[in-house]
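# any chance you can model this:
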Amino acid sequence: MPKNRIKRKLRAKTKLLIALVILLVIFISVLLFFNYYVNPVIIQVSEATVTSLTSKSVNSAVQTVINNTNVYDDLIQINTDVDGNITNFSVNSILINRLGKEIGKTAQQNLELVGSEGIDIPLGTLTGIPMLVGTGPNITFKVQPIGTISSTFTSEFESAGINQTNHRIYMNVKALVTLVLPTASRSITTNTQILICESIIIGKVPDTYLNSDSLDEMMNLIPS
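Residues are numbered from 1 along each chain as shown. The predicted structure follows:
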């Protein structure tokens with residue numbers, strides 16, 4: 001075989017090898033850039049979006065189940081002595097936990113609907129450059145709820161005047177969702193606190209309720 005032909009083949013192989021090395025370096029550089037720069041931005045933006053969507057799902061579930069009515073009188077009974085002084089609170093634990101289950105179930109369905117549609121985040125936002133936030137085509141990420149949504153109840157007493165106390169009951173909803181990213185998946189735990197109902201109590205509230213979580217324990221006797 002002529003030497004010139006051999007040299008040409010060697011040069012061609014060398015050029016091909018160099019091209020492959022360059023492509024490999026570019027690929028690794030893009031991968032590293034995406035992993036160390038773009039991916040954290042995606043996670044940060046997506047977590048905020050998922051948290052917001054979860055909160056909206058829970059709020060929507062509360063409105064659907066409670067239907068914008070004040071259920072305080074159905075949940076809490078205030079007991080007084082013969083002089084009209086407040087002695088203790090009785091909790092309708094069956095209704096409390098029924099609400100918790102219905103709200104959790106509805107919120108789960110809302111999240112599954114969000115998951116089936118995915119969340120759209122503009123490409124410019126994912127770059128992390130402030131000037132490009134909200135610009136460019138949308139990229140859709142999948143969101144998958146994991147397991148069931150859990151809930152607990154808490155209450156808050158706040159002075160509303162002389163012998164008047166504002167009593168609020170909150171539902172704390174915990175949801176675990178998976179965000180499916182281009183390179184990996186990430187589990188996100190969201191905690192949402194929703195005001196269920198409130199009422200003005202006339203009379204002095206015993207310190208055993210003002211300064212402890214005994215009422216919260218009463219409302220959470222049965223897991224929801």
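# for the chain, which segments count as strands?
With strands called from DSSP state E, the chain shows them at 76-80, 86-91, 119-122, 138-161, 164-180, 185-202.
# any chance of the ones you listed in TSV, plus distance to Ser214?
Every C-beta, even on glycine, is put in place using the N, C-alpha and C of the backbone. What follows is the strands of the chain, written out as TSV (distance: least, Cβ to Cβ, whole Å):
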stretch	distance to Ser214
strand 76-80	13
strand 86-91	9
strand 119-122	41
strand 138-161	10
strand 164-180	14
strand 185-202	16
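# can I get these in a markdown table with mean neighbour count, distance to Glu112 and mean pLDDT?
Formatted as a markdown table, the strands of the chain follow (neighbours: other Cβ atoms under 10 Å; distance: least, Cβ to Cβ, whole Å; pLDDT from 0 to 100):
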| stretch | mean neighbour count | distance to Glu112 | mean pLDDT |
| --- | --- | --- | --- |
| strand 76-80 | 14 | 32 | 87 |
| strand 86-91 | 16 | 31 | 85 |
| strand 119-122 | 16 | 13 | 77 |
| strand 138-161 | 16 | 6 | 78 |
| strand 164-180 | 19 | 10 | 83 |
| strand 185-202 | 15 | 15 | 84 |
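# and the closest residue to Thr208 other than its chain neighbours, how far is that from Phe157?
Computed as Cβ to Cβ, 6 or more residues apart in numbering, the closest residue to Thr208 that is not its neighbour in sequence is Ser214, at 6.2 Å. Distance from Ser214 to Phe157, counting by Cβ to Cβ, to the nearest Å: 12 Å.
# picking that back up, quick one: pLDDT of the residue nearest to Thr208?
The model reports Ser214 with a pLDDT of 75.
# that one and Asp207 touch, don't they?
No - here Ser214 lies out of contact with Asp207, judged by Cβ atoms under 8 Å, at a distance of 10.8 Å.
# give the buried residues for the longest helix along the chain.
Counting residues, the longest helix found in the chain (DSSP state H) is helix 3-33. By 16 or more other Cβ atoms under 10 Å, helix 3-33 has no buried positions at all.
# now find how far off-centre that helix is within its chain.
Chain-centre distance of helix 3-33: 48 Å, with Cα atoms, centre = their mean, to the nearest Å.
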